[in-house]
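# one predicted model, sequence on top.
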Amino acid sequence: MSDTVPARRVRPSRWDPLTVGVDIGGTKVLAGVVDSTGQVLAVQQRPTTGHDVAAVEDTIVDLVREFSREYDVAAVGVGAAGFVDATRSVVMFSPHLNWRREPLRARVAERVKVPVVVDNDANTMALAESNFGAGKGHRFVLCITLGTGIGGALVLDHRVYRGTHGMAGEFGHMQVVPNGHRCECGNRGCWEQYASGNALVRDARELIRAHSPMAHHLREVVAGDPMLLQGPQITQAARDGDPLSIELIADVGNWLGVGLAGMTAAFDPGCIIVGGGLSAAGDLLLDPTKQAFTRALTGRGFRDEPVIVAAELGPQAGFIGAADMARSAARRSRRSRGRRRDRPVRRRTVRSEGPVEGVLRALRDPMR
């Protein structure tokens with residue numbers, strides 16, 4: 001079976017509503033109006049107000065109302081960092097906000113009066129890249145996001161695989177090193193402890209503290225204080241030719257390739273998309289990733305390998321995917337309203353009956 005998607009027939013009568021996508025991060029809320037081709041028509045950004053759940057909800061509603069003044073918004077999709085239940089309505093837990101079993105869909109829908117869907121932000125990003133970005137044309141897409149940790153999603157025939165409880169895609173917490181580095185999740189040796197922005201920064205800071213002569217450039221960047229070092233500074237140093245920074249990013253790429261080989265053995269995707277902040281390193285990351293992947297892949301040399309590519313849509317991918325999910329909800333809502341309007345009204349006919357008819361009815365239905 002081919003991985004590529006056959007051309008879809010054009011359906012002129014298909015309703016293609018405009019929808020709003022909202023991507024909620026730890027520091028900002030990014031939202032936009034998106035059409036059915038993935039084209040962004042308008043964008044707004046607001047700061048995330050600390051850990052105030054009500055304030056974030058107000059921000060979402062304000063953005064939707066502002067967009068609705070100019071565009072005919074048919075539905076809203078929200079992508080949030082955290083666990084979202086299988087019904088795509090309740091944020092079970094978010095590490096950046098005080099959401100604990102928060103019925104976000106119901107709260108927002110009650111105020112904006114259009115259909116609302118909620119999903120994990122890695123799922124929305126993966127759907128956008130699969131439909132409109134680097135994965136366009138592939139049926140089975142594995143999307144990995146490299147930030148402070150590792151997130152991701154598996155997209156099968158344009159549908160995100162969510163698992164039984166809606167919590168699939170936590171790839172970063174697969175154990176790759178028994179008794180390895182302690183992870184924030186409570187376990188040891190998780191994949192994201194070796195292939196993520198946190199892993200990159202941790203190793204660089206350790207070398208600065210150890211006064212390694214290899215770390216002289218990074219030490220100068222942060223004026224000797226390793227706690228000031230962040231991932232983008234290491235990426236920029238690598239682009240500028242710093243040998244240590246290039247080596248550290250390559251180490252992350254090696255671990256990434258090994259993990260992706262395991263994911264490919266399990267899921268056999270046709271395309272692997274690498275996104276997130278660390279993907280800004282480009283080929284400095286992807287070249288060692290591909291080399292390690294090929295070395296570790298089961299059946300190497302006797303099977304087709306998936307293409308490994310960088311994400312294309314950048315920071316807008318989250319809200320583009322959320323808007324795309326909302327479009328399906330808008331169409332379902334419209335069909336449901338149409339069926340209710342078209343359904344004939346049944347009226348009961350009340351007939352008077354005499355004593356004989358009453359006896360006959362009782363004999364036919366003695367339990368009535």
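Looks like it arrived, so ask away.

# for burial, what's the neighbour tally of Ala134?
Look at Ala134: counted by other C-beta atoms under 10 Å, it has 24 neighbours. No exception for glycine: its C-beta is placed from N, CA and C like everyone else's.

# does it really touch Gly314, like I thought?
No. Using C-beta atoms under 8 Å, Ala134 makes no contact with Gly314, being 11.0 Å away.

# intersection of neighbour lists for those two?
Common contact partners of Ala134 and Gly314 (C-beta atoms under 8 Å, 6 or more residues apart in numbering): none.

# show me the shaky parts of the stretch 101-250 of the chain.
Applying pLDDT under 70 to the predicted model, the stretch 101-250 of the chain contains no residue that meets it.

# can you give me the helices for it?
Ranges of helices in the stretch 101-250 of the chain, per DSSP state H, counting those that start in this stretch, are 104-112, 121-132, 197-209, 216-221, 231-239, 243-267.

# among these, show me which one is buried the most.
Mean neighbour counts were compared across the helices of the stretch 101-250 of the chain using mean count of other C-beta atoms under 10 Å; the top stretch is helix 121-132, at a mean of 28.

# tell me which strands and helices that helix is in contact with?
In terms of contacts (3 or more C-beta pairs under 8 Å, 6 or more residues apart in numbering; DSSP states H and E), helix 121-132 is packed against strand 18-24, strand 73-80, strand 140-146, strand 150-156, strand 159-160, strand 271-275, helix 317-342.

# just the residues contacting the first one, thanks.
In other words, strand 18-24. For strand 18-24, the external contacting residues (C-beta under 8 Å, 6+ apart) are 29-35, 41, 48, 56, 60, 63-64, 67, 71-81, 97, 121, 124, 315, 318-324, 326-327, 330.

# may I have the strands that pair with it, each with its orientation?
Strand pairing for strand 18-24, determined by DSSP bridges: strand 28-34 (antiparallel), strand 73-80 (parallel).

# and what of the third one?
In its sheet, strand 140-146 lies beside strand 150-156 (antiparallel), strand 271-275 (parallel), with partners assigned from DSSP bridges.

# what is the orientation angle of that strand with helix 121-132?
130 degrees (axes from the mean of the first three to the mean of the last three C-alpha atoms, to 10 degrees).

# show residues contacting strand 140-146.
Contact with strand 140-146 is made by 3, 122, 125-126, 129-130, 135, 150-157, 171, 195-197, 252, 256, 260, 263-264, 267-279, 306, 311, as judged by C-beta under 8 Å, 6+ apart.

# again, but for the fourth one
Counting by C-beta under 8 Å, 6+ apart, the neighbours of strand 150-156 from elsewhere in the structure are 120-123, 125-127, 130, 135, 139-145, 160-161, 168-172, 191-192, 195-196, 259, 267, 269, 276.

# show me how far it is from its chain's centre.
Chain-centre distance of strand 150-156: 7 Å, with C-alpha atoms, centre = their mean, to the nearest Å.

# tell me which residues in stretch 286-301 are buried?
Neighbour counts over stretch 286-301 (16 or more other C-beta atoms under 10 Å) mark 286, 288-290, 292-293, 296-297 as buried.

# how about stretch 146-159?
So, applying 16+ other C-beta under 10 Å, buried residues of stretch 146-159: 146-155.

# can you show me the CA trace of it as CSV?
Provided in CSV are the C-alpha atoms of stretch 146-159 (Å, rounded to 0.1, in the frame of the first residue of the first chain):
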residue,chain,number,x,y,z
LEU,A,146,11.9,19.0,20.3
GLY,A,147,11.6,21.7,22.9
THR,A,148,12.3,21.5,26.6
GLY,A,149,11.2,17.9,26.2
ILE,A,150,10.0,15.6,23.4
GLY,A,151,6.3,15.6,22.3
GLY,A,152,4.7,14.4,19.1
ALA,A,153,1.9,12.6,17.4
LEU,A,154,1.1,10.0,14.9
VAL,A,155,-1.2,11.0,12.0
LEU,A,156,-2.9,8.2,10.1
ASP,A,157,-4.8,9.1,7.0
HIS,A,158,-5.3,12.7,8.2
ARG,A,159,-6.4,11.6,11.7
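
# for the nearest residue to Glu102 once chain neighbours are set aside, grab phi and psi.
The shortest distance from Glu102 to any non-neighbouring residue, by C-beta to C-beta, 6 or more residues apart in numbering, is to Val91 (4.5 Å). The phi/psi pair for Val91 (degrees, to the nearest 10) reads phi -80, psi 110.

# with Gly135 instead?
In terms of degrees, to the nearest 10, the main-chain angles of Gly135 are phi -100, psi 10.

# any idea how far it lies from Gly25?
Gly135 is 22 Å from Gly25, where distance means C-beta to C-beta, to the nearest Å.

# how about Gln236?
Counting by C-beta to C-beta, the gap from Gln236 to Gly25 is 22 Å.

# try Phe67
Relative to Gly25, and taking C-beta to C-beta, Phe67 is found at 19 Å.

# who has more neighbours, the two?
Per other C-beta under 10 Å, whichever of Phe67 and Gly25 has more neighbours is Phe67, with 22 against 17.

# now the one helix or strand that one maps to: average pLDDT?
Phe67 belongs to helix 53-68 when assigned by DSSP states H and E. The average pLDDT for helix 53-68 rounds to 93.

# helix 104-112 and that helix, what's the angle between them?
Using the same axes, to 10 degrees: helix 53-68 against helix 104-112 is 50 degrees.

# list of residues touching helix 53-68?
With C-beta under 8 Å, 6+ apart as the test, helix 53-68 has contacts from 20, 22, 24, 29, 31, 33, 42, 44, 46, 48-49, 73, 76, 78, 97-99, 102, 104, 107-108, 111-112, 114.

# this completes my enquiry, with thanks.
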